[in-house]
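[1] Only the shape, not the letters, is given here:
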């Protein structure tokens, strides 16, 4: 039963209660939106969970422009690295060896993306490891944000149809490991 | 091969010196920026690798490279604003630790303002209520004669019963 005192209390505070409910609702909405946005495009990829890789454009250090959409029909290996990243150095030689192995076939392209690196340090790194495949800076960290990277090194392999097919959230340990990831995507 | 005459050589050297001297002077006028000058800008930026660590105190190699980049830009005559804008363009807005007020982030900014607004309004409301309550006369006391009135009959009955028992 509502006593007059209780009714008076409710009358005084209904506005505040309503505002509180509204704010909580808004917070829930923001939380859900952020959760949806932060769903990783990668990790364990099965045939049912295939996702289109986010499109991006990379301008390499030598001024060439590469667009993922324009590379449809080729297997694309996207490697995020940084000159200050020691684990990146572990895989640098294997990646270059893999590039030299696949380059003559023309079915595979490697794109190296220098993440939060200074240009001079990046160029030194590329020279030190004699890396010849296209590399460029991740301007504004836009590409890494699109891929939701968590650090470096990270490698994403995109099949000929533009779907993410393989993700490596650590350095490759051998040339064979890279080949094992790419070769299945080359079979017609 | 013709020998270059001594006076011509001197003239050539003097000519070269005249051309290069202003440039050398300009270089000489740009001393290497001090650590304090670099850190003044670095303190406004955040490490790309560690969370919430300002660039000036970050021990990673990535931060060392960025500080070196700041030093290079300062030596090249860039202003603080230009350097910070360059870092934002190169590495994204998160280097300054504040998300840009655009796209989805805009909703967060509006939410922040909304919460702030509601909090201020709520504060003003409670303050108003408190001040109004203090200024109003105290609640009316029961009239004096009411104090002397007999207690409720139930209480009196129990009292009489107790007395009878003794």
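    That came in fine, so what should we check first? Remember, it's a predicted structure, so these values are computed and weren't measured experimentally.
[2] which stretches of chain A have low pLDDT?
    Scanning chain A with the threshold set as pLDDT under 70 gives A:1-12, A:34-49, A:188.
[3] which secondary structure elements does the longest helix seen in chain B contact?
    Ordering each helix of chain B by length in residues (DSSP state H) puts helix B:104-135 first. Judged by 3 or more CB pairs under 8 Å, 6 or more residues apart in numbering or on different chains; DSSP states H and E, the packing partners of helix B:104-135 are helix A:4-37. Using the backbone N, CA and C atoms, a C-beta is placed for each residue, glycine as well.
[4] Following the chain onward from the helix it packs on, which element is next?
    strand A:57-59 (DSSP states H and E).
[5] who does that next one pair up with?
    Neighbouring strands of strand A:57-59 in its sheet, by DSSP bridges, are strand A:65-67 (antiparallel).
[6] Name the residues that touch the strand or helix carrying residue B:41?
    Assigned by DSSP H and E, residue B:41 falls within helix B:35-42. Applying CB atoms under 8 Å, 6 or more residues apart in numbering or on different chains, the external contacts of helix B:35-42 come out as B:54-56, B:63, B:66-67, B:70-71, B:74, B:80, B:83-84.
[7] Give the rounded mean pLDDT of the longest helix of chain B.
    In this model, helix B:104-135 has an average pLDDT of 84.
[8] for chain B, what are the nearby residues on chain A?
    With CB under 8 Å from any CB of the partner chain as the criterion, chain A meets chain B at residues A:12, A:16, A:19, A:23, A:26-27, A:30, A:33-34, A:37, A:82-84, A:115-118, A:121, A:137, A:139-142, A:145, A:151.
[9] Of these, grab the buried ones for PyMOL.
    In PyMOL syntax, the buried subset of the residues of chain A next to chain B is picked out as below (16 or more other CB atoms under 10 Å in any protein chain shown):
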select buried, chain A and resi 19+82+83+84+115+116+117+118+121+137+139+140+141
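[10] circling back to that earlier point, of the contacts of helix B:35-42, buried ones?
    B:54-56, B:63, B:66-67, B:70-71, B:74, B:83-84.
[11] now, which of the contacts of helix B:35-42 lie within helices?
    Those of these lying in helices (DSSP H): B:63, B:66-67, B:70-71, B:74, B:80, B:83-84.
[12] Which one of those residues is nearest to chain A?
    Closest to chain A out of the ones in helices among the contacts of helix B:35-42 is residue B:66 (6.8 Å), distances taken as CB to the nearest CB.
[13] can I assume that closest one is in contact with residue A:120?
    No: Residue B:66 lies out of contact with residue A:120 (CB atoms under 8 Å); the separation is 11.8 Å.
[14] follow-up on the earlier one: filter the contacts of helix B:35-42 to keep only those in contact with chain A.
    The subset of these within reach of chain A, by CB under 8 Å from any CB, is residue B:66.
[15] want to throw the contacts of helix B:35-42 into a markdown table with pLDDT and distance to residue A:103?
    Shown next, in a markdown table, are the contacts of helix B:35-42 (pLDDT from 0 to 100; distance: CB to CB, whole Å):
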| residue | pLDDT | distance to residue A:103 |
| --- | --- | --- |
| B:54 | 95 | 43 |
| B:55 | 95 | 38 |
| B:56 | 95 | 43 |
| B:63 | 95 | 35 |
| B:66 | 96 | 33 |
| B:67 | 97 | 37 |
| B:70 | 97 | 38 |
| B:71 | 97 | 38 |
| B:74 | 97 | 41 |
| B:80 | 96 | 45 |
| B:83 | 97 | 39 |
| B:84 | 95 | 40 |
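[16] Let's have the ones in helices among the contacts of helix B:35-42 in JSON lines, adding distance to residue A:183.
    Output for the ones in helices among the contacts of helix B:35-42, formatted as JSON lines (distance: CB to CB, whole Å):
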{"residue": "B:63", "distance to residue A:183": "39"}
{"residue": "B:66", "distance to residue A:183": "39"}
{"residue": "B:67", "distance to residue A:183": "43"}
{"residue": "B:70", "distance to residue A:183": "45"}
{"residue": "B:71", "distance to residue A:183": "46"}
{"residue": "B:74", "distance to residue A:183": "50"}
{"residue": "B:80", "distance to residue A:183": "52"}
{"residue": "B:83", "distance to residue A:183": "46"}
{"residue": "B:84", "distance to residue A:183": "46"}
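[17] measure residue A:94 to chain B for me?
    Residue A:94 sits 22 Å away from chain B, going by CB to the nearest CB, to the nearest Å.
[18] which residue packs closest to that residue, ignoring adjacent ones?
    Distances taken as CB to CB, 6 or more residues apart in numbering or on different chains place residue A:175 nearest to residue A:94, at 4.8 Å, with adjacent residues excluded.
[19] how is chain B carved up into domains?
    Chain B breaks down by automatic domain parsing into domains covering B:1-30, B:32-99, B:101-133.
[20] Just say which of the ones you listed is most tucked in.
    Most buried of the domains of chain B, by mean neighbour count (mean count of other CB atoms under 10 Å in any protein chain shown): domain B:32-99, with a mean of 17.
[21] chain center to that one, what's the gap?
    Computed by CA atoms, centre = their mean, to the nearest Å, the chain-centroid distance of domain B:32-99 equals 16 Å.
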